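build me a structure from this.
(chains A and B)
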Amino acid sequence: MEALWLTVLGVLTVGYFALAGFDYGSGLLLPFGRREVVLHRMTPFFLGNEVWLVAVIGVLFAAFPRLEGELLSGAHSTFTLLLAGLVLFMASVQLRLWWWLVFTGALMVSAGWGLFLAHLLDAPWPVAFVMPVLFALHGWAFQHRKALFPVTAALCALPIPLAFSSIDVTGLMAHPDTLGLLAWVAIPVIPLVVVLQWSIVALSSR
Amino acid sequence: MSAVDLARLQFALTTSFHFLFVLLTLGLVTLLVVMQTRFTITGAPVHERMTRFWGRIYVINYALGIVTGVVMEFQFGLNWSGLATYAGDVFGAPLALETLIAFFLESTFLGLWIFGWGRLHRWVHLALLYLTALTAFASAFWIMAANGFLQHPVGYRVDGNVLRLDDFGALLTNPTFTSAFVHVVFAAITAGGVFLTGVSAYHFIKRTPETDFFRRSLRMGVVTTALATPVLIGAGFAQFPVIAAHQPGKTGAVPWIGAPLGFMILIGMGLTVVSWLTLPLLLRDAVIRMRFPLYLMVFGIPFPFAAAIFGWMFREIGRQPWLVYGLLRTEDAVSHVDVSQILLSLVVFTSLFVVLACVDWALIARAVRRGPDVEPAPVSPLVVTL
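The predicted structure is shown next:
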């Protein structure tokens, strides 16, 4: 049961960074490209990409209750920055507010994830630059070099789950009773969402 | 102010803002289901235009509401890590089901509904709206189940210094959950009905040429409000015996706790009386020709929202000093975080949410003023597709 939930959390986290990573990357590249085209390309993916984060936090709370609180409250101000950026980014992308607001939001979110990575690794703060650079690369691959997309997706997705893997979760997870109950939902829902999100993209390109 | 006071204030503010969005989302999606079902069955263009116009407003509100929901989700871990540590095994279960079944699936169904306009078979497209509505109500269901547990913990056993899930079914038959869930659902439907009525009345005041369109919308709004309010009030009063049995200290938690409760009841009663008085006036459009009721209808739009905030104030403040009633004190659940950090996040999120609420209001007002069927303005890429 423990292995199953580590896998679920891993899949959701990897999914979030691989998908939302190119949203943030596209946002970071706005000063350098044709802004309307860049935003237009990511539109059908956008809502689907961002909700993976919500699923990650939900699973973290229920399956790893004694990890979630320590992890988030231990990096309180980093998450304030990250979430403020996320609010600005999501609102400005969806409502087509000013492009520089999209850029600022993307920068705050990616810097926030960078700082969180540095916090997880106990590394000096310049490590934080890793995430914005990787996201920007991923955004560029999504926009211009589809062939490189799987590579940049993996590059974006891996740092934080790998840093996570150094944490010993024994004793931090929920009781098997809770985990067993939730497994009945998590296991069918995740593939269903993947199929449905893929259909949104297929539909919108028709 | 101490860390616990600031964290409480932050939770109260973010939840209130979030709930304003939620009310309209749930209310409008219910009415959209009716509109699109009528369109799918009859094929009449007016029903399609209604679905599009009200659907556009719904999507604007959803797009901004989802952002507040993300912050809500994080807040438990950021400021209240003691809750997860102590009760995460039990409280976390409905919360995770909400994120997976509802949040995650709902936005995906909604995305398919938006991008499926004109591209999918009309019955498939209708089914997507039903699924969106169903998952939206599932969201309310699981959140209220989680909140019901905080009000009156059931289905747990104590294991050392944490709670374990013992009987999941008990969470779903918890009396502080069941009556409150019905109450919240009908509060949202009432808000949707009052909103539909008010916006349609605005267009009659402006003498928009779309009389058939807004006549239907206004009738639908009034009838919805009249049907929903009695259930709303019934489910509200049904909670008093539950409170007396499980939270006897609730009505005396703070000296002024009666005020929000009183205002809420007053607004609920007022809306019931007014909507039932309006029903006979729908005959031969008397209410529209009299004109002055139209102004009252516009004036009435904020009231269900205010009542909902008052209701939550009573429910949540009345639970104090407990976070999990009788088991975990609020002051013991707050994260070990510096006061300045909580203050920073309080200031940042509150100001952002005030801006979001204003932007939501401004964009909805713009969509309302433009009226049905004009070329969708680039309010949102999601809206553009509609």
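
just the element for the residue located most distally from the centre of chain A, please.
Computed with CA atoms, centre = their mean, the residue of chain A farthest from its C-alpha average is A:Asp177, at 28.6 Å. Using DSSP states H and E, the element containing A:Asp177 is helix A:176-204.

what's the mean pLDDT across that helix?
If you average the pLDDT over helix A:176-204, you get 84.

how about it and chain B, any contact?
Yes - counting by CB under 8 Å from any CB of the partner chain, chain B is contacted by helix A:176-204 at A:177-178, A:181-182, A:185-186, A:189, A:192-193, A:196-197, A:199-200, A:203-204. Bear in mind the C-beta positions are built from the backbone N, C-alpha and C, glycine included.

pull the contacting residues for the residue farthest from the centre of chain A.
B:Asp89, B:Arg164, B:Leu165, B:Asp166 (CB atoms under 8 Å, 6 or more residues apart in numbering or on different chains).

on that earlier part again, closest to A:Gly74 out of the residues of helix A:176-204 next to chain B?
Among these, A:Thr178 lies closest to A:Gly74 (CB to CB), at 23.2 Å.

where exactly do the helices run in chain A?
A:2-28, A:35-63, A:65-73, A:76-94, A:99-121, A:130-144, A:149-157, A:159-164, A:176-204 (DSSP state H).

same list, these, but as a markdown table with distance to B:Leu105 please.
As requested, the helices of chain A are arranged in a markdown table below (distance: least, CB to CB, whole Å):
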| stretch | distance to B:Leu105 |
| --- | --- |
| helix A:2-28 | 14 |
| helix A:35-63 | 9 |
| helix A:65-73 | 22 |
| helix A:76-94 | 19 |
| helix A:99-121 | 24 |
| helix A:130-144 | 25 |
| helix A:149-157 | 22 |
| helix A:159-164 | 24 |
| helix A:176-204 | 6 |
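
among the residues of helix A:176-204 next to chain B, name the buried ones.
In terms of neighbour count (16 or more other CB atoms under 10 Å in any protein chain shown), the buried residues within the residues of helix A:176-204 next to chain B are A:177-178, A:181-182, A:186, A:189, A:193, A:196-197, A:199-200, A:203-204.

tell me the two of these that are most distant?
Pairwise distances across those (CB to CB) peak at 41.9 Å, for the pair A:Asp177 and A:Ser204.

for chain A, give me its nearest residue in the stretch 201-350 of chain B.
Residue of the stretch 201-350 of chain B nearest chain A, by CB to the nearest CB: B:Ser335 (3.6 Å).

out of everything not next to it in sequence, what's closest to that residue?
Spatial nearest neighbour of B:Ser335, excluding adjacent residues (CB to CB, 6 or more residues apart in numbering or on different chains): A:Ser73 at 3.6 Å.

any idea how many residues pack against that neighbour?
A total of 22 residues lie near A:Ser73 under the criterion other CB atoms under 10 Å in any protein chain shown.

quick check: the gap between it and B:Phe74.
10 Å (CB to CB, to the nearest Å).

what do you get for A:Arg96?
Using CB to CB, one gets 26 Å for the distance from A:Arg96 to B:Phe74.

between those two, which one's more packed in?
The residue with more neighbours, out of A:Arg96 and B:Phe74, is B:Phe74; 23 against 19, by other CB under 10 Å.

these two touch, right, the more buried one and A:Phe79?
Yes - when contacts are counted by CB atoms under 8 Å, B:Phe74 is listed as touching A:Phe79 (6.3 Å).

what sits in contact with each of those two?
In terms of CB under 8 Å, 6+ apart, B:Phe74 and A:Phe79 are both contacted by the residues A:Leu72.

please, where are all the strands along the stretch 1-150 of chain B?
Ranges of strands in the stretch 1-150 of chain B, per DSSP state E, counting those that start in this stretch: none exist.

picking that back up, give me the neighbour count for the residue of the stretch 201-350 of chain B closest to chain A.
Residues within reach of B:Ser335, counting by other CB under 10 Å, total 26.

same question, the one 3 residues further on
Burial of B:Asp338 is recorded as 12 neighbouring residues (other CB under 10 Å).

and it, how far is that from B:Leu346?
On the measure of CB to CB, B:Asp338 and B:Leu346 end up 13 Å apart.

do B:Phe263 as well
Following CB to CB, the distance that separates B:Phe263 from B:Leu346 is 25 Å.

repeat that for A:Pro150.
Remark: distance between A:Pro150 and B:Leu346 (CB to CB) = 41 Å.
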